[in-house]
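Trainee: next input, structure requested:
(chains A, B, C and D)
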Number of protein chains: 2
Amino acid sequence: METTTRSKVTIYQVAAEAGVSISTVSKVLANKAGIRTATRTRVNEAVERLGYSPNLMARGLMRGQTGIIGLLFPYIAEQLLIDPHLLRVIQGIEETLNERDYNLLLATSKDTLNPASSFERLLRGHYFDGAIIIETSEIYGMDLHKLLEQQNRPWVLMGYPAGLLRCYAVYADEFMGGQLVADHLLSLGHRRIGLINARPQPSGVGERVRGFQKVLDAHQIILDESLVAFGNFQEESGYRAAPLLLQRPDPPSAIFAINDRMALGVMHWAHENGLRIPEDFSIIGFDDIPAAATSHPALTTVCQPAVEIGRETMRLLFRLLEGEKPPSHIIVGTELICRSTTAPLKASGLLAS
Amino acid sequence: METTTRSKVTIYQVAAEAGVSISTVSKVLANKAGIRTATRTRVNEAVERLGYSPNLMARGLMRGQTGIIGLLFPYIAEQLLIDPHLLRVIQGIEETLNERDYNLLLATSKDTLNPASSFERLLRGHYFDGAIIIETSEIYGMDLHKLLEQQNRPWVLMGYPAGLLRCYAVYADEFMGGQLVADHLLSLGHRRIGLINARPQPSGVGERVRGFQKVLDAHQIILDESLVAFGNFQEESGYRAAPLLLQRPDPPSAIFAINDRMALGVMHWAHENGLRIPEDFSIIGFDDIPAAATSHPALTTVCQPAVEIGRETMRLLFRLLEGEKPPSHIIVGTELICRSTTAPLKASGLLAS
DNA sequence: TTATATGTAGAAAGCGCTTTCCAAACAAAG
DNA sequence: CTTTGTTTGGAAAGCGCTTTCTACATATAA
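Mentor: Residues are numbered from 1 along each chain as shown, chains lettered A, B, ... in the order given. Below you'll find the predicted structure:
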């Protein structure tokens, strides 16, 4: 408790305490050459004794950079509730941030009338050295990137750069994810496959369907239009879509729900209606939300390497900050998480055939 | 695109453009008296034309305050996955923050060796005017508050101030929540009540049990020791605890799980084992996580007014920043969310009796 | 010994702003 | 016409730091 620390201790007190000038203190702190070891230790001791730490505002002002990275995350609460994996992304960002001496300033507008306003204030305030923008459908409405470019500061989009192609972006290969799903189902022998799609569809999600479709096409399998239902990403909508596919006279032997929550909804319905998974039909989701691992049976799904996406995003931003000219898009692979809701066709079959 | 904006526009350019001194510009921007309206508009026009916005670092340096509130949130990703309601708290904080011109700097250490380090850097850097600390069991290990006091900056704890009583804190009345649960169950006629407790138990959670206990005591109902199971807050652990209570010869007619996830686990087990809710037994959770509303049947639970907690936390911090001497603890009420997993005793009863 | 190189520390400028204080300028009063 | 009061705007100091440039030692070479 009783440190010598008293209110504001500045570089001047340290200099006085060590009997040197403030320039010397500054140089010691920045570990610059040209200071005798004896002086150096003297300063360091003074710093220790006074419990000094530099005022980052003053430093930022002088250096012309702040050591702060802005994270522009519109509607954070809503988004995270929908997409818990974004949390992992933040984690990856944070990790990489802490390796260097950067800090995260979180901006999360929820002003529906003018979502840019709070961002704008931050952006224009010269607070950050660079920014990361979490992609949400909302951001396309605001002239964020125009603002960002005006500010002449690097920024990268974490997410699918729909309609915003001339920017740096890091995102998961959802197309590949869709392919993985199709490959998996096909390799299990399924040919009659249902799809639970959704609309409106955030930019990247369409890729899941396109990748899926592509593999089916390559195998000359036609995705029966009548086997496609639409939901809204909520579990409830999967629950409602399930009977549309499963109560037909010719139900699919496998279903791809383009996100886990809807898949879980289907499972729910199946359970309540006496259908066994994967004996009666296989189901596969997308996202690998926490609930996917704990559902009964555990859901086979596709996982986005969220932490890695966060890391890569920060890394890209750092390269930009260092004046490099890095690749503009970084796409990280997805992975099939094979659990217990998918099984070979022979074991399945609602149809006797 | 083609705004007049070019690289760095400072107060000097604005002054030149408007044909006044920088002091005048500064005064206009701060809306101070003593400037003729004509001059004022001239300056404002110049600001507009150049797209100027002040450098917040410089301003912060002069004013001695930064306009930044630090949010110290250890292990954010892990925590939010466990407690989605913390998201709402952040939302409440953000709202209140945006009303004034403050910004949120997020510090989320995950450095297991020395969790304080990243916080410490921030804290000592004079970056924030004040801080909010999200209570996690981890924070008690670090000498955060010592550091905070040394920095001489106000801070408030968002959470139950276990062992840290001499601080400002805002938290939910979990004791009251426990009482609500007991009242509800009792009013439905239940007398034989099971409890799914957990350990280790974060500070505030114990209050749920204590409140619950108190009401039972008041009604001279003895909480049968053998009707108490322990989990670890995960759904899985509720699933495992369920048979311990429900497969007894004398099962309870109602169960209080001290969090929703465990309650959901119990429901899961019940469903798989042919028990109907609420016909065969009632169950009630705590937290009101999103899944509680969408479960089948929807879970009766207790809700913490998370957004309000966030708001109150910020409000308390603002009062502190303004030099007031506000009450040190603010406890906001909890609320029973009555859904479909609880029913009067007559309709229940695994026992024929 | 003088000339030159090298190592070390301080003086001073300045980052972009706020704020105090002072000087005009003008109006009102004596 | 002077005195006093009231606006209104600018000069200047300074927030706490970094960085360049200069000055002084001391060491090396001629």
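
Trainee: count of neighbours near A:Arg166?
Mentor: One way to gauge burial is a neighbour count; for A:Arg166, by other CB atoms under 10 Å in any protein chain shown, it gives 9. For the C-beta atoms, the positions are set from N, CA and C on the backbone; glycine is no exception.

Trainee: dump the residue contacts of it.
Mentor: A:Arg166 makes contact with A:Ser328 under the criterion CB atoms under 8 Å, 6 or more residues apart in numbering or on different chains.

Trainee: per-residue pLDDT, it?
Mentor: At A:Arg166 the predicted local confidence, pLDDT, stands at 80.

Trainee: double-check that it belongs to a strand.
Mentor: No: the assignment for A:Arg166 by DSSP: H, G, I helix; E, B strand; the rest coil gives coil, which leaves it out of any strand.

Trainee: now do the helices in chain A.
Mentor: Ranges of helices in chain A, per DSSP state H, are A:11-18, A:22-29, A:37-50, A:56-63, A:76-82, A:85-99, A:116-124, A:144-151, A:174-187, A:205-218, A:235-246, A:260-272, A:290-294, A:306-321.

Trainee: turn those helices into CSV, columns for distance to DNA strand D and mean neighbour count.
Mentor: Rendered in CSV, the data for the helices of chain A read as follows (distance: least, CB to the nearest atom of the strand, whole Å; neighbours: other CB atoms under 10 Å in any protein chain shown):
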stretch, distance to DNA strand D, mean neighbour count
helix A:11-18, 3, 19
helix A:22-29, 3, 18
helix A:37-50, 10, 15
helix A:56-63, 3, 19
helix A:76-82, 33, 20
helix A:85-99, 20, 23
helix A:116-124, 20, 20
helix A:144-151, 21, 18
helix A:174-187, 43, 22
helix A:205-218, 44, 19
helix A:235-246, 52, 21
helix A:260-272, 48, 24
helix A:290-294, 43, 18
helix A:306-321, 15, 22
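
Trainee: any chance of those helices in CSV, plus mean pLDDT and distance to chain B?
Mentor: Conversion of the helices of chain A to CSV gives the following (pLDDT from 0 to 100; distance: least, CB to the nearest CB, whole Å):
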stretch, mean pLDDT, distance to chain B
helix A:11-18, 95, 12
helix A:22-29, 96, 13
helix A:37-50, 95, 11
helix A:56-63, 93, 4
helix A:76-82, 78, 4
helix A:85-99, 86, 4
helix A:116-124, 73, 4
helix A:144-151, 71, 5
helix A:174-187, 97, 22
helix A:205-218, 96, 20
helix A:235-246, 95, 6
helix A:260-272, 94, 7
helix A:290-294, 85, 5
helix A:306-321, 95, 9
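
Trainee: now the ones you listed in a markdown table, with distance to B:Lys346?
Mentor: Formatted as a markdown table, these follow (distance: least, CB to CB, whole Å):
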| stretch | distance to B:Lys346 |
| --- | --- |
| helix A:11-18 | 76 |
| helix A:22-29 | 75 |
| helix A:37-50 | 73 |
| helix A:56-63 | 66 |
| helix A:76-82 | 38 |
| helix A:85-99 | 44 |
| helix A:116-124 | 54 |
| helix A:144-151 | 59 |
| helix A:174-187 | 49 |
| helix A:205-218 | 49 |
| helix A:235-246 | 31 |
| helix A:260-272 | 26 |
| helix A:290-294 | 34 |
| helix A:306-321 | 49 |
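
Trainee: who in chain A is up against DNA strand C?
Mentor: On the criterion CB under 7 Å from any atom of the strand, DNA strand C has as its neighbours in chain A the residues A:19-24, A:34-36, A:38-39, A:58, A:61-62, A:64.

Trainee: those residues: which two are farthest apart?
Mentor: With distance counted by CB to CB, no two of these lie farther apart than A:Ala38 and A:Gly64, which are 32.6 Å apart.

Trainee: give me the number of residues near A:Pro74?
Mentor: A:Pro74 has 25 neighbours, counted by other CB under 10 Å.

Trainee: check the gap between it and B:Gly323 for me.
Mentor: Using CB to CB, to the nearest Å, one gets 34 Å for the distance from A:Pro74 to B:Gly323.

Trainee: again, but for A:Ala306
Mentor: A:Ala306 sits 43 Å away from B:Gly323, taking CB to CB as the criterion.

Trainee: same question, A:Val215
Mentor: Going from A:Val215 to B:Gly323 by CB to CB gives 66 Å.

Trainee: one more: A:Val181?
Mentor: According to CB to CB, A:Val181 stands 60 Å off from B:Gly323.

Trainee: what about the nearest residue to A:Gly60 once chain neighbours are set aside, neighbour count?
Mentor: Spatial nearest neighbour of A:Gly60, excluding adjacent residues (CB to CB, 6 or more residues apart in numbering or on different chains): A:Thr66 at 4.1 Å. By other CB under 10 Å, 25 other residues sit near A:Thr66.

Trainee: dihedrals phi and psi, A:Thr66?
Mentor: phi -110, psi -20 (degrees, to the nearest 10).

Trainee: so for it, what's the pLDDT?
Mentor: Confidence score, pLDDT, at A:Thr66: 90.

Trainee: what of A:Ile196?
Mentor: 97.

Trainee: touching, it and A:Trp269? I think so.
Mentor: No: look at A:Ile196 against A:Trp269 with CB atoms under 8 Å: they stay out of range, at 11.3 Å.

Trainee: between those two, what contacts are shared?
Mentor: Between them, A:Ile196 and A:Trp269 have A:Gly238 as joint contacts when contacts are counted by CB under 8 Å, 6+ apart.

Trainee: could you list the domains of chain A?
Mentor: Using automatic domain parsing, the domain ranges for chain A come out as A:11-54, A:68-172+A:308-321, A:174-304+A:337-347.

Trainee: can you redo those as TSV with distance to B:Leu106?
Mentor: Formatted as TSV, the domains of chain A follow (distance: least, CB to CB, whole Å):
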stretch	distance to B:Leu106
domain A:11-54	20
domain A:68-172+A:308-321	4
domain A:174-304+A:337-347	22
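
Trainee: need the contact list for A:His219.
Mentor: Here A:His219 is in contact with A:Leu186 (CB under 8 Å, 6+ apart).

Trainee: and the gap between it and DNA strand D?
Mentor: 60 Å (CB to the nearest atom of the strand, to the nearest Å).

Trainee: confidence score at that residue?
Mentor: Reading off the per-residue confidence, A:His219 sits at a pLDDT of 96.

Trainee: equivalent analysis for A:Thr5, please.
Mentor: With respect to pLDDT, A:Thr5 has a value of 38.
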